[in-house]
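Trainee: I'll drop the sequence and a predicted model, then ask my questions.
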Amino acid sequence: MTDRLASDLAELHIDAPDEFIDSVLVAIGLADHYVTRPSPLGDVFVAFNGLGVSGVDVAGDAASFEGRFVEIHGRRAVPTDEIPERLVRHLDTAIAQGRPGRLPVDLRGLTEFQAAVLRRTATIPRGEVRPYGWVAKEIGKPGAVRAVGTALAHNPVPVIIPCHRVVRSDGTLGEYSLGPAENKRTLLEAEGLDVASFEELAGRGIRFVGSDTTHIFCHPTCGHGGKITAAHRREFTDEAQARSAGYRPCKVCRPVAA
């Protein structure tokens, strides 16, 4: 009787569809979903889970993306056409603005230091840049400039957390974690930054600009610095030169020595 029951049950067996298995894995946290969304760089893959957005990559070969996702996160990435309501309201805005805003982001795979770097980077305004040293000082680790660069190179959600707004201390744009370095220029120009003018200043060794009416100096791309008229604009090669001229640092962009 037992053998016959087992045989009857075996005949009832059917394999679960792949989409059901994928849904279960996502539900229990062993996989993330991902969708394709537009960005200033073209389409990007955006992975997400119950905690928020977990990965962003330039859309290309899906299998390659899924392979990289497993290597980085230790979980599968499963394609979907549906975005949870709690994400869809903020996802495209976060991509367009280059900041998380109200979009939840999953940074649980990072160290406390790496997460601090990314959170501070997320505060850099659209269309502005800061040097690696600025980020290091802002998180209370002024000697960790190189480590800041490493943390940004492993940013899991570029575009949304704007590591493209962090540049080298000599004013050059530097490398970018999301594809070729030219992508960094593309994003900054899409935000309205005159990259050519910024690079021209950097080429002349200019790190800060100040106003001779307020005697405040800023990073060149600071929104306040951009309002200084040519007649009242002063240029400085370093912080010491600005301070010796009687200028004080901007309280908004908080300029730091390279």
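Mentor: Perfect, I can see it now.

Trainee: where along the chain do the strands fall?
Mentor: Assigned by DSSP state E, the strands in the chain fall at 31-37, 44-49, 52-58, 76-79, 130-131, 166-167, 208-211, 216-218, 233-236, 248-249.

Trainee: okay if I get those strands as JSON lines plus distance to residue 91 and mean pLDDT?
Mentor: In this view, the C-beta of every residue, glycine as well, is placed from N, C-alpha and C. Formatted as JSON lines, these follow (distance: least, CB to CB, whole Å; pLDDT from 0 to 100):
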{"stretch": "strand 31-37", "distance to residue 91": "6", "mean pLDDT": "95"}
{"stretch": "strand 44-49", "distance to residue 91": "7", "mean pLDDT": "96"}
{"stretch": "strand 52-58", "distance to residue 91": "7", "mean pLDDT": "95"}
{"stretch": "strand 76-79", "distance to residue 91": "16", "mean pLDDT": "94"}
{"stretch": "strand 130-131", "distance to residue 91": "25", "mean pLDDT": "96"}
{"stretch": "strand 166-167", "distance to residue 91": "23", "mean pLDDT": "96"}
{"stretch": "strand 208-211", "distance to residue 91": "36", "mean pLDDT": "96"}
{"stretch": "strand 216-218", "distance to residue 91": "32", "mean pLDDT": "96"}
{"stretch": "strand 233-236", "distance to residue 91": "39", "mean pLDDT": "96"}
{"stretch": "strand 248-249", "distance to residue 91": "36", "mean pLDDT": "96"}
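
Trainee: Reformat those strands as a markdown table; add distance to residue 194 and mean neighbour count.
Mentor: Shown next, in a markdown table, are the strands of the chain (distance: least, CB to CB, whole Å; neighbours: other CB atoms under 10 Å):
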| stretch | distance to residue 194 | mean neighbour count |
| --- | --- | --- |
| strand 31-37 | 27 | 21 |
| strand 44-49 | 25 | 25 |
| strand 52-58 | 25 | 23 |
| strand 76-79 | 37 | 19 |
| strand 130-131 | 16 | 24 |
| strand 166-167 | 14 | 23 |
| strand 208-211 | 13 | 24 |
| strand 216-218 | 15 | 26 |
| strand 233-236 | 15 | 16 |
| strand 248-249 | 23 | 15 |
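
Trainee: wait, which of these is closest to residue 197?
Mentor: strand 208-211 (11.2 Å; CB to CB).

Trainee: Quick one: neighbours of the nearest residue to residue 139 once chain neighbours are set aside, just the number.
Mentor: The shortest distance from residue 139 to any residue other than its chain neighbours is 4.6 Å, reached at residue 116 (CB to CB, 6 or more residues apart in numbering). Neighbour count of residue 116, defined by other CB atoms under 10 Å: 19.

Trainee: try residue 70
Mentor: Applying other CB under 10 Å, we find 13 residues neighbouring residue 70.

Trainee: how about it, what does it touch?
Mentor: By CB atoms under 8 Å, 6 or more residues apart in numbering, the residues touching residue 70 are 76, 77.

Trainee: in stretch 210-229, what's buried?
Mentor: 210, 211, 216, 217, 218, 219, 220, 221, 222, 224, 225, 228 (16 or more other CB atoms under 10 Å).

Trainee: and the closest residue to the first one other than its chain neighbours, what are its bridge partners?
Mentor: Of all residues not flanking residue 210 in the chain, residue 217 sits nearest, at 3.6 Å (CB to CB, 6+ apart). Here residue 217 sits in beta bridges with residue 210, residue 249, going by DSSP bridges.
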